[in-house]
Structures are given as structure tokens and as C-alpha cells.
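Chemist: Sequence and predicted structure are below.
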Amino acid sequence: MSRNSTEAKELKEDSLTLNYGSAKLKGKLFTDRVCIDPIGNRCSTNFEFLSLYDAQGLGPDIDGILGLANHKDTAKRHLNFVWALKDGKVIDKAVVSFSVSNGGSYALFGDWNSSQVVGNETGLHALKTFNYMPEFVSANKNWALEGQDLRYGDQSLKVATDPSFPAIVDTGSSTLGVPPKMFDALKTEWLKAAQLDCDSNDDFC
């Protein structure tokens, strides 16, 4: 939504609250024309969202949160920005992908960069997701991908774990999870740099 939007409409006068991780948000339900390009040619019209008037727990340069997870209730699918773009025929696939690199990070709506998918050289897209530690019910909400390596600075810790492991990519969680052997390798590196006091603070122990 543009800060100077002339198309925004308030749907409900009642205020709504939303707790998103450490953020506590208050606002009112609005609709507006929301675009994924600066020119304004690729837009979702009448997209419903919470227009904030109070936000606690967000960073100083952050004025809102765009949730991209699909809602379990299909009746509320229109509240998802990706599906709103798909239903509005702005994108062909109801998917959003992220590329994170030193050379420049970006989000791609409606598709993914197949050249960055492991296994693409075989002609098959090996992109898939799976639950991290599915034997624990409380962990089923953490989306994960196949991790192949973890680096501490310039050092690879791959020798300390299995050839692959679940890597959490759920940004809606504050959970960080690595296999036990890999954690032991991390702890060894931490001990080289600092003296850990596991009695007063066991975060790194």
C-alpha cells in the first residue's frame, strides 16, 4: 500500500490485535491495491490486510510484516498475498522463492530460479520441503530444506555431520536447529574464541 494511496478502504472500524513472534501489532482491516513492481503494472486489487497504528517489537526501519504462509482455512486464502496475486492472474504459480547471497538477495513471486536448485542438472527440480525433526509434534510448524553444509566464518563444518540434514527456513520462528554433532563442532569453535560460562548463561552450551 502506498503511503499516499487513494484506493485504500477501511473494512472494519474495530481494532484488531496480532502477536507475531516477538512483535505485538494493533491495527484496522483495510483493502488496497498492492503491487510487486514499482511501476504498478503487477498488482493485486482489493487485497485485505491489517493497517497498523501501533507496532511493538519491530526494528526501527520496519513498519510492517508481510506474512507469506498459506492459511490452512481455504476460505481465508484470499488473505494470502501470493494467492491474491495468483487469483488476480498476476503470477502463474502460487509460490514465492528467495535467493540469499552476497551478490544480491531477492524475492521472486510466481516462480523460482531453477539454476539455483540442487539437482537441476539432471533436468528434475529437487526443490522440496519437509518438517524439521518430525518426531517432535511441537517442531512440525518449522519449515525446513535439505542442508548440505554449515560454515563458521570460512570454515566448513560438514565433516561433523551427515551428508545432509534438515535446515530450518521458517522466518516466523526464533528457533535455530542443527544436528547434535554439528552443534558440538560449533561449540568447539566458540571455545576457541571465548570462555563460555554455562552456569550463568547456557545459551551456547
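Modeler: In hand now; what should we look at? Since we're looking at a predicted model, the values are computed, not measured. Numbering: from 1, shown residues only.
Chemist: In the chain, which helix is the longest?
Modeler: helix 180-193 (DSSP state H).
Chemist: and that one, what does it pack onto?
Modeler: strand 151-152 (3 or more Cβ pairs under 8 Å, 6 or more residues apart in numbering; DSSP states H and E). For every residue, glycine as well, the C-beta is placed using N, CA and C.
Chemist: What mean pLDDT does the strand it packs on get?
Modeler: Here strand 151-152 scores 84 as its mean pLDDT.
Chemist: So what are the sheet partners of the next helix or strand after it and their directions?
Modeler: Counting by DSSP states H and E, the next helix or strand C-terminal to strand 151-152 is strand 155-156. In the sheet, strand 155-156 lines up against strand 151-152 (antiparallel) (DSSP bridges).
Chemist: contacts for the partner strand?
Modeler: L157, A185, L186, E189 (Cβ atoms under 8 Å, 6 or more residues apart in numbering).
Chemist: could you pull out the helices for this structure?
Modeler: Counting by DSSP H, the helices of the chain are 81-87, 180-193.
Chemist: Pipe the ones you listed into TSV and attach mean neighbour count, distance to Y152 and mean pLDDT per row.
Modeler: Formatted as TSV, these follow (neighbours: other Cβ atoms under 10 Å; distance: least, Cβ to Cβ, whole Å; pLDDT from 0 to 100):
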stretch	mean neighbour count	distance to Y152	mean pLDDT
helix 81-87	20	34	89
helix 180-193	13	5	83
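Chemist: Now distance to F165 too, for those, in JSON lines please.
Modeler: Formatted as JSON lines, the helices of the chain follow (distance: least, Cβ to Cβ, whole Å):
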{"stretch": "helix 81-87", "distance to F165": "28"}
{"stretch": "helix 180-193", "distance to F165": "7"}
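Chemist: for the closest residue to H78 other than its chain neighbours, what are its contacts?
Modeler: Excluding the flanking residues, the one nearest H78 by Cβ to Cβ, 6 or more residues apart in numbering is A84, at 6.0 Å. Taking Cβ under 8 Å, 6+ apart as the criterion, A84 is in contact with V34, S44, F47, H78.
Chemist: If you rank those residues by neighbours, which is first?
Modeler: With neighbours set by other Cβ atoms under 10 Å, the maximum within these is found at S44, which has 23 neighbours.
Chemist: Got the confidence number for that residue?
Modeler: On the pLDDT scale, S44 gets 87.
Chemist: Going by neighbour count, list what's buried in stretch 198-205.
Modeler: Neighbour counts over stretch 198-205 (16 or more other Cβ atoms under 10 Å) mark no residue as buried.
Chemist: go on, stretch 49-64?
Modeler: F49, L50, S51, L52, A55, L58.
Chemist: residues in contact with it?
Modeler: With Cβ under 8 Å, 6+ apart as the test, stretch 49-64 has contacts from 1, 8, 10, 15-16, 18, 21-32, 34, 65, 79.
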